[in-house]
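Engineer: dropping a prediction and its sequence here:
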Amino acid sequence: MTTDESAPVRRRVVLTGISSRAWEHPADRGALAALRELRGFDDVLKALSGLWNERALRLEYLGSAIRVDHRQYPRVYRLFAEAAASLDVAELPELFVQYDRSINGMCIGMSKPFIVINSGALELLDDEELRCLLGHEIGHLLSGHAVYRTMAMILQDWAARLAWLPVGSLALRAIAAGLREWWRKAELSADRAGLLAGQDPHACLRLGMKLAGGGDLSEIDVTAFGEQAAEYDRAGDLRDSMIKIGMVLDRTHPLPVARAAALRQWIDSGEYQRILSGEYPRRDDQSASSVRDDVKAAADSYRESFARSQDPLMSLLRRLGDGAGDWVGAGADRVRDWVSGVGRPRANGSQPPPTGDAWSDATNADRDRGDEQP
């Protein structure tokens, strides 16, 4: 699917020197800060990288997929370069297209991450939607997500292999569950990066709708889709709340409908527009930002989410007392207190190694699951 050649070209703002901190969800940034400050963690990653054999991983795609450049999939290459330019990325990572009819993408690797998207994304997405997806994956790369995503994949594999050892398997499963919770928040961060790369809220919301229902949006109503997200949040009773918890525990990605709602909330908060107007942290900003502050922001984020949620279980906990919200963030507070003895100030905006209401504004003219969603 391509964009009408007669359509006017959208002018996108180049976000010069933007730091990944500008789009990172607080819970994502707090978890990353804590992981990076663990003593010896780099050595563990190097060991895991050797076991994973990253060279073999890249060779697998080099031998079985199409590497994108100006000669192969030139349309995709152009959109990739445009998305990177908006985020002020000078050097493009490798990009591969693999045969798979689903809408999907991923950023993988540890020392030199690369991006893979499915052929289904090329078939089912228009230019604006595909630019958003590519920006999403670039956001993963700039935030350093690929390193920890690869580690999570390793741990999940180990947990499956060691299932016959109850103690070892339980420990690995607990670690993997924690990483999946971080991973779900990292996806929300990357959704924001995709929006900043394409700077078309309608297209990003259409992408969420296509992840939920496929490529044909001709009979889909954006307002009804938003209402569906609200109903998912508030509907049912405590049984439904427990079902929803069970549904997401083993997922690395938020459910598509809830994910689109989270992006809408970020747009409505005004943060997206502030960034486009130039209010964002820069990579070369030398002002100090502590791990403690990042983890505190993560705890505050969970509290705010708890207070905003209309889920029956969350509503019950709020009725039990004013301290219920503190209970939700207590675990993150303990992490914050722990890392305060380990953490060191780091430059605000430092980068890891390369490793209006959009729904109500959208019109019906804009109509147009697997766990490995972009």
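Structural biologist: It's in.
Engineer: got a list of contacts for the strand or helix carrying residue 115?
Structural biologist: For residue 115, the host element (DSSP states H and E) is strand 114-118. Residues from elsewhere that reach strand 114-118, judged by Cβ atoms under 8 Å, 6 or more residues apart in numbering: 58, 61, 65, 76, 93-108, 133-134, 137-138, 141, 374. (Each C-beta comes from the backbone N, C-alpha and C, glycine too.)
Engineer: switch to 7 Å and redo it
Structural biologist: For strand 114-118, contacts defined as Cβ atoms under 7 Å, 6 or more residues apart in numbering pick out 58, 61, 65, 93-98, 100, 102-108, 133, 137.
Engineer: pull out the buried residues from the residues you listed.
Structural biologist: 58, 61, 65, 93-98, 100, 103-108, 133, 137 (16 or more other Cβ atoms under 10 Å).
Engineer: for the strand holding residue 115, output the C-alpha coordinates as PDB.
Structural biologist: The C-alpha coordinates for strand 114-118 follow below in PDB (Å, rounded to 0.1, in the frame of the first residue of the first chain):
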ATOM      1  CA  PHE A 114      19.700  -4.100  13.700                       C
ATOM      2  CA  ILE A 115      16.100  -3.800  12.700                       C
ATOM      3  CA  VAL A 116      13.800  -6.400  11.100                       C
ATOM      4  CA  ILE A 117      10.300  -5.800   9.800                       C
ATOM      5  CA  ASN A 118       7.800  -8.200   8.200                       C
END
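Engineer: so which elements touch the helix or strand just after it?
Structural biologist: Note on strand 114-118: by DSSP H and E, the next helix or strand toward the C-terminus is helix 119-124. Judged by 3 or more Cβ pairs under 7 Å, 6 or more residues apart in numbering; DSSP states H and E, helix 119-124 is in contact with strand 95-98.
Engineer: ok, and what's touching the strand it packs on?
Structural biologist: 61, 64-68, 73, 76, 80, 114-119, 122.
Engineer: list the neighbouring strands of it plus their orientation.
Structural biologist: strand 66-67 (antiparallel), strand 114-118 (parallel) (DSSP bridges).
Engineer: okay, the ones you listed in TSV with distance to residue 223 and mean pLDDT next?
Structural biologist: Below are these laid out as TSV (distance: least, Cβ to Cβ, whole Å; pLDDT from 0 to 100):
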stretch	distance to residue 223	mean pLDDT
strand 66-67	38	97
strand 114-118	29	96
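Engineer: mind listing which of the contacts of strand 114-118 are in helices?
Structural biologist: 58, 61, 133, 137 (DSSP state H).
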